[in-house]
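A.B. asks: my questions are about this predicted structure, shown below with the sequence.
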Protein chains: 2
Amino acid sequence: MAALTELNKTGTVPAGTQRIVVSVDAMGGDLGPATVVAGLAMSARANPGIAFILHGDRAELDGLVAKHPELAGRCDVRHAEGVVTMDDKPAQVLRSGKNTSMWSAIDAVRDKEAEVCVSCGNTGALMVLSMMRLRKLPGINRPAIACYWPSTNPGGFNVMLDVGADVRADEMDLMQYALMGVSFARNSLGLARPRVGLLNVGTEDHKGRSEIKAAAELIQDAAESGTFEFIGNVEGSDIPSDKVDVVVTDGFTGNVALKTAEGTAHMFKGFLKAAFTATPLSRLAAMFASTSLKRLSARMDPRRVNGGVFLGLTGTVVKSHGSADPTGIAAAVQLAHDLARSGFNDKLAARVAYVPVARQDDADKDAEQDTASK
Amino acid sequence: MAALTELNKTGTVPAGTQRIVVSVDAMGGDLGPATVVAGLAMSARANPGIAFILHGDRAELDGLVAKHPELAGRCDVRHAEGVVTMDDKPAQVLRSGKNTSMWSAIDAVRDKEAEVCVSCGNTGALMVLSMMRLRKLPGINRPAIACYWPSTNPGGFNVMLDVGADVRADEMDLMQYALMGVSFARNSLGLARPRVGLLNVGTEDHKGRSEIKAAAELIQDAAESGTFEFIGNVEGSDIPSDKVDVVVTDGFTGNVALKTAEGTAHMFKGFLKAAFTATPLSRLAAMFASTSLKRLSARMDPRRVNGGVFLGLTGTVVKSHGSADPTGIAAAVQLAHDLARSGFNDKLAARVAYVPVARQDDADKDAEQDTASK
């Protein structure tokens, strides 16, 4: 509390605490702005140095912010009339979305008022707006969305990308994803020499699609820099394992894998609940096991890893699940905060600018304008 | 036991029991032929009318079969010198695999000595050998591997295909997969009017890859026959849900999704175990909860759904996981037995021969010879 009071009084953060400004799109999520603001309050309690620029309907947001004392003096509300809905086509939003909270939230990063942006709105629109307003880093052809994946590695998480920025990737894209993923893992998970795997349908070299075989050669060459190790093909069952740190795939496959895992987790949570409510004896057992069950339920909860990071842009954007509750929102904001604090994006820019061949955008691929949503 | 004795004495099955002959490749699995034979013994106990043709090294198999009294008089061993290994390339096996147990097992179906074949060996080789020796059904361009996926539907399972016959599928392939999946679900799950969904990265029509949008139109047209309902796009999290019965995708995506779910299940089984062994109190709770935990563990066990079915060939082939233990082998054999008894392949042949446009194989796609393994 002393830290918060300090911030409020002087507008500066307590000695030793870095001030991080997070730009937040309050609108467009399934559960509305009240949920977002509640999540910000949780985040404010946990991070003394955090402050927010919050975009959306001023009257509504002022009222919501006033309900949370932790946000007093730490939340700058910016009015925006429009909202990007989940059904809006990205191309439409590019043309006529200038007055939306999403556009405004991204622009705060563009104008360097905030280090990072968080939104739970339409992913496709968020990506195309971010690409247009924040620009791609030099050397990047295709930005990617990376996520943390619970794993049995010591740090508890692996990195997976692309999980939905695009629906196709050729060997050059996959190689760039590998480089971005390595930089992300080094800086946000503290892994000195991440192990990179290409997601495939078998571990043998001859398996799978031709662009994956070609990507394997490119990534193996890039591994000679020594900053990462390339372990070859990995299968879907290896994603949460301790044999790999960064899993590389195209956005369609990655998105399907991510949602499949979430659906499996959800089903098992249902099995867990059913197993312990089926009979009076099992309910009694649940009472004895309550601590264990709570711990287990928490470990199986997809909300605690809410948040995909857009890699390859000049600014950092974090995409929360559209249906996130306050706990999920706070998780996404924490991720954004920690990334901003690590300065990872500058280091990522340095790494990928080093890539020798930067191709022109493939005009056919852009004309297709396939986008994925999370 | 009376039923078995009857079979042994007269070589015919008890009245009312249908005799089903299953051709089994005993070699090529990770755990060797002893495991396969143990699985067959379990199956023989459960199915009075079942009989086997078992392919592999005669001396070894005779010895193994002799250890299981249930198999006496019900297991015809056929000698085969060669074994297809997991590293063998399918094209190689086509050229020089004639003396292998896998080839021999498939030929027993081709020669109509058995109704169905089961193997746990190299999936790619099994698929190309099956396509060559059993031929595709008229009207089928690309066979698919279908699997059962645990779900919250009343029957407990959904159907998913393709999970690894191939690595790419265009809109015509996807439409044929839908028709085959519908026939499979109608005949093996007893669903009068299955609901079909296309696996995609968002439910909105504009999302995802262009061939999926094109396939949606073709499938919608085919749904006018009334034998199934097309519900549009589904996401990875919908695969185990009760909103769909048959999920259609290309073999690369399907295989990744399947293995991702298995990896997630494996990780959660680990969490479950850890939760209940972490402290003395949790171990005590586990004792009280032991029935519930056993039930839960069984529900989360991927072995109970071991078995992928090759659809689109003139004979039925079931692929078991390479690493299956006797329980898994028995599950795959049970699936094979039940499929043979339902006569589903004749009905499937009737359904897909009805498809108006049978394309010539795409020479480029065959030249690529990408195959997936399970």
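C.D. replies: That came through fine.
A.B. asks: which stretches of chain A form strands?
C.D. replies: Secondary structure of chain A (DSSP state E): strands located at A:20-25, A:50-56, A:75-79, A:116-119, A:144-150, A:157-161, A:195-199, A:229-234, A:246-248, A:308-311, A:316-319.
A.B. asks: where does pLDDT dip in chain A?
C.D. replies: A:1-16, A:204-207, A:302-305, A:352-374 (pLDDT under 70).
A.B. asks: and the longest helix for it?
C.D. replies: Identified as the longest helix of chain A according to DSSP state H is helix A:251-275.
A.B. asks: ok now that helix, how far from the chain's centre?
C.D. replies: Relative to the mean C-alpha coordinate of its chain, helix A:251-275 is positioned 18 Å out (CA atoms, centre = their mean, to the nearest Å).
A.B. asks: what's across from residue A:82 in the sheet?
C.D. replies: residue A:100 (DSSP bridges).
A.B. asks: wait, residue A:227 sits on residue A:196?
C.D. replies: No: Residue A:227 is not in contact with residue A:196 according to CB atoms under 8 Å; the separation is 10.3 Å. Glycine gets a C-beta too; all of them are placed from N, C-alpha and C.
A.B. asks: who touches the residue positioned nearest the centre of chain A in this structure?
C.D. replies: Nearest to the geometric centre of chain A sits residue A:308, at 1.5 Å (CA atoms, centre = their mean). Contact analysis of residue A:308 by CB atoms under 8 Å, 6 or more residues apart in numbering or on different chains lists A:123, A:145, A:146, A:147, A:163, A:164, A:318, A:319, A:374.
A.B. asks: repeat that for residue A:195.
C.D. replies: By CB under 8 Å, 6+ apart, the neighbours of residue A:195 are A:228, A:229, A:230, A:231, A:243, A:244, A:245, A:246.
A.B. asks: quick check: the residue of the stretch 51-200 of chain A nearest chain B.
C.D. replies: residue A:167 (5.2 Å; CB to the nearest CB).
A.B. asks: so that residue sits against residue A:254, correct?
C.D. replies: No: counting by CB under 8 Å, residue A:167 stays clear of residue A:254, with 10.0 Å between them.
A.B. asks: of these two, which one has the most company?
C.D. replies: residue A:254 (31 against 24; other CB atoms under 10 Å in any protein chain shown).
A.B. asks: how close does the spatially closest residue to that one that is not a sequence neighbour sit to residue A:258?
C.D. replies: Counting by CB to CB, 6 or more residues apart in numbering or on different chains, residue A:163 is the residue found nearest to residue A:254 once chain neighbours are left out, at 4.0 Å. Distance, residue A:163 to residue A:258, using CB to CB, to the nearest Å: 5 Å.
A.B. asks: go on, residue A:180?
C.D. replies: Residue A:180 is 17 Å from residue A:258, where distance means CB to CB.
A.B. asks: got it, and residue A:336?
C.D. replies: Taking CB to CB, one finds residue A:336 at 19 Å from residue A:258.
A.B. asks: then residue A:122?
C.D. replies: 17 Å.
A.B. asks: what ranges do the helices span in chain A?
C.D. replies: A:2-10, A:33-46, A:58-66, A:90-96, A:101-110, A:123-134, A:171-188, A:210-222, A:251-275, A:280-288, A:290-299, A:326-342, A:344-353, A:363-368.
A.B. asks: so which of the ones you listed is nearest residue B:69?
C.D. replies: Taking CB to CB, helix A:251-275 is the member of the helices of chain A nearest to residue B:69, at 36.7 Å.
A.B. asks: check which helices and strands that closest one sits against.
C.D. replies: strand A:144-150, strand A:157-161, strand A:195-199, helix A:290-299, helix B:251-275, helix B:290-299 (3 or more CB pairs under 8 Å, 6 or more residues apart in numbering or on different chains; DSSP states H and E).
A.B. asks: need the winner for burial among the strands of chain A.
C.D. replies: strand A:246-248 (a mean of 30; mean count of other CB atoms under 10 Å in any protein chain shown).
A.B. asks: now that one: how far from the chain's centre is it?
C.D. replies: Using CA atoms, centre = their mean, the offset of strand A:246-248 from its chain centre is 15 Å.
A.B. asks: for it, packing partners?
C.D. replies: Checked by 3+ CB pairs under 8 Å, 6+ apart, strand A:246-248 has strand A:157-161, helix A:171-188, strand A:195-199 packed alongside it.
A.B. asks: for residue A:20, which of the ones you listed is the nearest?
C.D. replies: Taking the helices and strands packed on strand A:246-248 one by one with CB to CB, helix A:171-188 is closest: 14.3 Å.
A.B. asks: run through the neighbouring helices and strands of the closest one.
C.D. replies: Against helix A:171-188 (3+ CB pairs under 8 Å, 6+ apart) you get strand A:144-150, strand A:157-161, strand A:195-199, helix A:210-222, strand A:246-248, strand A:308-311, helix A:326-342, helix A:344-353.
A.B. asks: perfect, that will be all.
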